[in-house]
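all I have is the shape, not the residue letters:
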Ligand SMILES: Cc1ncc(COP(=O)(O)O)c(C=O)c1O
Ligand SMILES: N[C@@H](CCCC[NH3+])C(=O)O
């Protein structure tokens with residue numbers, strides 16, 4: 001079914017802050033037309049709008065003025081991103097020795113690094129303690145033993161203890177991490193969290209400085225974060241009463257939703273900052289606790305909308321039912337989210353003016369999987385043809401960081417744009433990169 005020939009305006013809820021419609025012929029980001037970036041760097045191509053990243057960092061800093069904002073590097077991390085985050089005054093969450101190595105290579109201040117992970121290896125922990133990261137978030141009793149086995153450093157290692165508040169983030173089951181019977185953290189309800197605190201408080205060489213919880217990802221309800229905060233403050237009061245220790249930090253994790261399609265729900269930094277701080281202040285008052293330093297850990301909310309992926313159309317086919325498939329030169333190797341979570345995306349023809357009316361189109365990848373879908377029912381001009389360029393916004397989080405070499409397809413480059421300049425941040429993988437590890 002053909003729809004209107006008029007294309008929707010750029011929705012800056014899902015496109016980067018500097019995205020600009022060039023009279024229907026193209027879209028520029030960071031002052032550079034996407035078609036020009038595709039010509040220069042090839043496709044598939046990840047574009048990252050530096051201005052968008054910095055603006056979102058500042059929005060979270062302003063929303064949590066008295067607290068701390070930690071960028072969750074698992075969303076997207078490279079040296080340039082680490083530098084931008086450091087320059088904007090945020091802290092950084094890493095969850096592996098590899099992510100820590102990137103932070104270290106970028107000169108990220110060790111004391112503003114938090115190491116996460118439900119199963120940190122001895123290598124992860126050793127790297128964290130050797131670099132002197134500010135805090136390690138303890139996620140299991142085995143980890144307490146592994147930390148102790150690494151021996152003490154000159155100064156006690158500051159720890160946060162990850163606890164389960166028993167709050168369901170309400171998004172995809174694969175992203176739900178605040179409920180009982182999942183792999184992360186110590187259960188408050190079972191008493192495991194209180195026992196973990198007892199073990200850590202008595203352990204020489206460590207300094208417990210606070211509690212942490214993270215209830216999930218792509219969460220649209222602030223009320224769920226408020227509920228988790230109250231439950232963790234309740235445990236802080238119990239710890240004070242049992243040990244005479246008032247922990248100075250409360251880390252409420254990340255998970256703030258962003259829109260992928262126009263009209264999708266999102267959480268604004270200002271709203272979440274205001275309501276979370278009010279919930280913490282109120283809970284602390286009821287327990288006669290001093291208000292701790294509050295930390296949040298946005299990942300997606302900082303990087304997602306800065307990213308646009310550009311693909312080249314390889315083919316168009318119509319199924320017997322009339323369903324139209326447009327195949328592009330990327331897919332689940334650069335964007336696994338539709339396959340993993342049923343995610344859907346906005347898609348836009350760029351690089352030429354559309355003349356035909358729009359129609360619902362399924363944009364699919366090049367991989368040998370029927371589930372290799374990038375977008376379902378995307379409105380695209382009926383004359384989309386091989387050689388055209390398609391742009392997919394909101395691909396700055398959990399795309400490059402979750403990319404793979406499936407079918408031994410080489411991972412795309414990442415190009416940072418700002419002020420009319422494009423800069424290669426991560427080069428395209430080469431076949432020698434692929435063969436280098438194949439030592440058989
Ligand atoms: C501990 C922790 N903090 C923060 C985040 C960031 O979550 P999001 O990217 O949804 O903000 C994650 C990932 O979900 C996480 O595991
Ligand atoms: N990987 C998920 C986000 C969950 C992150 C878990 N720490 C996504 O792509 O949306």
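Nice, thanks for sending it over. Because the structure is predicted, anything quoted here is derived from the model rather than measured. Ligands and ions are numbered 1, 2, ... in the order given.

mind listing the helices for the stretch 301-440 of the chain?
With helices called from DSSP state H, counting those that start in this stretch, the stretch 301-440 of the chain shows them at 337-341, 431-436.

for the ones you listed, which one sits closest to ligand 2?
Ranking these by distance to ligand 2, with C-beta to the nearest ligand atom as the measure, places helix 337-341 first at 4.9 Å. In short, each C-beta sits where N, CA and C put it, glycine included.

is there any residue in that closest one that contacts ligand 2?
Yes: contact of helix 337-341 with ligand 2 (C-beta under 6 Å from any ligand atom) involves 337, 341.

try stretch 368-383
No: applying C-beta under 6 Å from any ligand atom, one finds stretch 368-383 separated from ligand 2 by no less than 13.9 Å.

just the terminal-to-terminal distance for that stretch.
Taking C-alpha to C-alpha, to the nearest Å as the measure, stretch 368-383 stretches 26 Å from start to finish.

report the longest strand in the protein, please.
strand 307-318 (DSSP state E).

for the record, mean pLDDT for that strand?
For strand 307-318, mean pLDDT rounds to 98.

partners of that strand in the sheet?
According to DSSP bridges, strand 307-318 forms sheet pairs with strand 45-49 (antiparallel), strand 324-328 (antiparallel), strand 389-393 (antiparallel).

closest to residue 294 out of those?
strand 45-49 (28.4 Å; C-beta to C-beta).

what's the offset of the closest one from the middle of its chain?
Averaging C-alpha positions (C-alpha atoms, centre = their mean, to the nearest Å) puts strand 45-49 15 Å from its chain's average.

beyond that strand, next helix or strand please.
helix 50-63 (DSSP states H and E).

contacts for that following helix?
Contacts to helix 50-63, defined as C-beta atoms under 8 Å, 6 or more residues apart in numbering, come from residues 16-18, 30, 69, 71, 80-81, 84-85, 87-90, 269-270, 272-274, 296, 298, 301-303, 305-306, 396, 416-419.

contact residues of this protein facing ligand 2?
With the criterion set to C-beta under 6 Å from any ligand atom, the chain comes near ligand 2 through 74, 175, 217-218, 337, 341, 398.

one more time with 8 Å, if that's ok
Contact residues (C-beta under 8 Å from any ligand atom) of the chain with ligand 2: 72, 74-75, 172, 174-175, 177, 214, 216-218, 299-300, 336-337, 340-341, 343, 397-398, 402.

and the residue of the stretch 301-440 of the chain closest to ligand 2?
For the stretch 301-440 of the chain, C-beta to the nearest ligand atom, closest residue to ligand 2: residue 398, 3.1 Å.

run through the residues that contact that residue.
74-76, 300, 304, 337.

so which of those are also by ligand 1?
Applying C-beta under 8 Å from any ligand atom to those, those adjacent to ligand 1 are 74-75, 300, 304.

in a markdown table: these, plus neighbour count, pLDDT and secondary structure.
A markdown table is the format used below for the ones next to ligand 1 among the contacts of residue 398 (neighbours: other C-beta atoms under 10 Å; pLDDT from 0 to 100; DSSP: H, G, I helix; E, B strand; the rest coil):
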| residue | neighbour count | pLDDT | secondary structure |
| --- | --- | --- | --- |
| 74 | 22 | 98 | coil |
| 75 | 25 | 98 | coil |
| 300 | 22 | 98 | helix |
| 304 | 28 | 98 | helix |
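
closest to residue 105 among the residues you listed?
Nearest to residue 105 out of these is residue 74 (C-beta to C-beta; 17.0 Å).

need the contact list for the residue nearest to residue 132 when sequence neighbours are not counted.
Once flanking residues are discounted, residue 132 sits nearest to residue 110: 4.4 Å by C-beta to C-beta, 6 or more residues apart in numbering. Listed by C-beta under 8 Å, 6+ apart, the contact partners of residue 110 are 131-134.

partners of the strand or helix carrying residue 207, with directions?
Applying DSSP H and E as the criterion places residue 207 in strand 206-212. Partner strands for strand 206-212, per DSSP bridges, with pairing direction: strand 157-164 (parallel), strand 249-251 (parallel).

how much does the following helix or strand past it deviate in direction from strand 157-164?
Next in sequence after strand 206-212, counting helices and strands by DSSP H and E, comes helix 222-243. Here the directions of helix 222-243 and strand 157-164 differ by 120 degrees (axes from the mean of the first three to the mean of the last three C-alpha atoms, to 10 degrees).
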